[in-house]
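Colleague: Build me a structure from this.
(one chain, ligands or ions: 1)
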Amino acid sequence: MKAYEKNIRKVEPYVPGEQPQRKVVKLNTNENPYPPAPGVKEALLSMDVDKMRLYPDPTAGNLVHTLAEYYGVEDSQVFVGVGSDDVLAMCFLTFFNSEKPILFPDITYSFYKVWAELYRIPYECPVLDEDFRIVKEDYYKENGGIIFPNPNAPTSIYEELDFVEDILKHNQDVIVIVDEAYIDFAGKSALELIDKYENLIVVQTFSKARSMAGMRIGYAISNPTLIKYLNDAKYSFNSYTMNQTSLVCGVEAVKDKAYFEEQVQKLIDTREWTKAELTALGFTFPDSKSNFIFAKHPNFVAKDLFEALKKADIYVRFFGGARTRDYLRISIGTREEMETLVSFLKEYIQNH
Ligand code: PMP
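Modeller: Predicted structure coming up:
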């Protein structure tokens with residue numbers, strides 16, 4: 001090793017799902033199969049290209065205001081970033097600075113561990129129970145902060161608000177972040193609790209229910225004090241995180257509530273149909289409240305299924321890992337895409 005190498009920050013990065021550049025049945029990264037709201041296209045087509053000369057609004061004021069109105073909070077309670085990954089990374093940097101370990105589940109969004117390592121934040125990962133549920137009592141011990149997704153990923157399990165509140169009640173001296181990337185497919189949001197718990201931060205995204213993963217928009221909602229700390233960290237890093245196009249398109253997506261609700265319902269209907277079909281084929285899975293299903297089959301090796309599906313141009317996600325290697329994470333696509341998946345699996349099962 002060269003002498004200078006010992007001062008290099010070495011990280012093991014997060015590995016995102018594949019993005020094949022040809023057309024496949026793509027059920028591997030929890031994208032939404034439907035297009036964004038029609039207003040997004042109109043806004044995009046009428047954008048003034050000359051404005052690209054200028055830096056975007058560093059406060060993202062219009063988008064922040066639109067989100068604040070939508071959720072019935074003050075503008076000062078909203079922070080936006082380049083996807084919720086950016087928002088979460090900024091939260092780790094800003095709020096997790098204790099010598100005590102932060103806590104997050106052993107099976108969860110794998111980026112948490114990467115950020116903890118990157119920023120050298122000590123962490124502990126309480127083990128999910130045998131049904132992949134978070135054990136709330138594990139979060140009663142002393143810690144430097146807490147983060148968990150609700151619904152959790154890749155398990156797809158949603159916990160009711162009283163569960164989230166119980167964790168908050170036991171942790172009022174640290175920051176608690178609830179990552180609600182999939183909340184629109186699930187149930188009540190912890191946003192209801194932000195007035196009651198000033199240490200709570202709720203993070204959401206445009207990537208899933210709003211069909212805009214490619215635009216990279218995420219946001220945090222909390223009280224003005226914590227949002228100011230987040231903004232201070234952001235302005236110490238990069239003032240112009242959000243590009244002009246995302247800012248304009250994001251506003252249009254939030255405005256069209258009817259379209260949003262319709263697409264979410266369509267996706268939920270397809271999810272429920274897929275659950276029934278997978279069950280009929282012998283798969284088992286936790287009851288999904290997200291836009292993906294975490295399924296295993298008693299008679300087949302998940303990795304073999306994953307490979308066979310891929311050969312047939314049907315992409316799902318396989319993680320490996322001691323407790324997850326029997327499972328496939330299958331994103332919910334259009335009804336037609338799910339029919340393609342189900343008929344492939346039917347045939348595979350018959351012939352093996
Ligand atoms: N949180 C969870 C639990 C996720 O699964 C994802 C998607 N990979 C994200 C956050 C990040 O999503 P995005 O950066 O697209 O908002």
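Colleague: Only C-alpha atoms from now on, for both contacts and neighbour counts.
Modeller: Fine.
Colleague: Spell out which residues make up each domain of this structure.
Modeller: Domain assignment for the chain, taken from automatic domain parsing, gives 3-34+258-351, 38-255.
Colleague: Looking at these, which one is packed in the most?
Modeller: Using mean count of other C-alpha atoms under 10 Å, the stretch among those with the largest mean neighbour count is domain 38-255, at a mean of 19.
Colleague: ok, that domain near the ligand or not?
Modeller: Yes. Domain 38-255 is in contact with the ligand by C-alpha under 6 Å from any ligand atom, via 83-85, 109, 149, 153, 179, 181, 205, 207, 213, 218.
Colleague: Export those as CSV, with columns for pLDDT and secondary structure.
Modeller: Converted to CSV, these look like this (pLDDT from 0 to 100; DSSP: H, G, I helix; E, B strand; the rest coil):
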residue, pLDDT, secondary structure
G83, 98, helix
S84, 98, helix
D85, 98, helix
Y109, 97, coil
P149, 98, strand
A153, 97, coil
D179, 98, strand
A181, 98, coil
T205, 98, strand
S207, 98, coil
A213, 98, helix
G218, 98, strand
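Colleague: so who does V248 touch?
Modeller: Residues near V248 by C-alpha atoms under 8 Å, 6 or more residues apart in numbering: 43-44, 63.
Colleague: With S331 instead?
Modeller: Counting by C-alpha under 8 Å, 6+ apart, S331 makes contact with 27-31, 291-293, 316.
Colleague: now those in CSV, with distance to the ligand and pLDDT?
Modeller: Shown next, in CSV, are the contacts of S331 (distance: C-alpha to the nearest ligand atom, whole Å; pLDDT from 0 to 100):
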residue, distance to the ligand, pLDDT
L27, 13, 98
N28, 10, 97
T29, 7, 97
N30, 7, 97
E31, 9, 97
N291, 10, 98
F292, 10, 98
I293, 13, 98
V316, 14, 98
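Colleague: Counting only strands, which of those make the cut?
Modeller: Within the contacts of S331, residues falling in strands by DSSP state E are 292-293.
Colleague: With respect to P38, which of the contacts of S331 is nearest?
Modeller: Closest approach between those and P38, by C-alpha to C-alpha: E31, at 17.7 Å.
Colleague: what's the closest non-adjacent residue to that closest one?
Modeller: Computed as C-alpha to C-alpha, 6 or more residues apart in numbering, the closest residue to E31 that is not its neighbour in sequence is K208, at 5.6 Å.
Colleague: Three-state assignment for the one you found, please.
Modeller: For K208, the assignment made with DSSP: H, G, I helix; E, B strand; the rest coil gives coil.
Colleague: so it sits right up against P33, yeah?
Modeller: No. Using C-alpha atoms under 8 Å, K208 makes no contact with P33, being 9.4 Å away.
Colleague: what sits up against stretch 334-352?
Modeller: Stretch 334-352 is contacted by residues 25, 33-34, 267, 270, 274, 277-278, 281, 309, 314, 332 when judged by C-alpha under 8 Å, 6+ apart.
Colleague: Report the two of those residues separated the most.
Modeller: Farthest-apart pair in the contacts of stretch 334-352 is Y34 and L281; separation 26.6 Å (C-alpha to C-alpha).
Colleague: quick one: the strands in the stretch 101-250 of the chain?
Modeller: Under the criterion DSSP state E, counting those that start in this stretch, strands of the stretch 101-250 of the chain are mapped to 102-103, 123-124, 146-149, 176-179, 200-205, 218-221.
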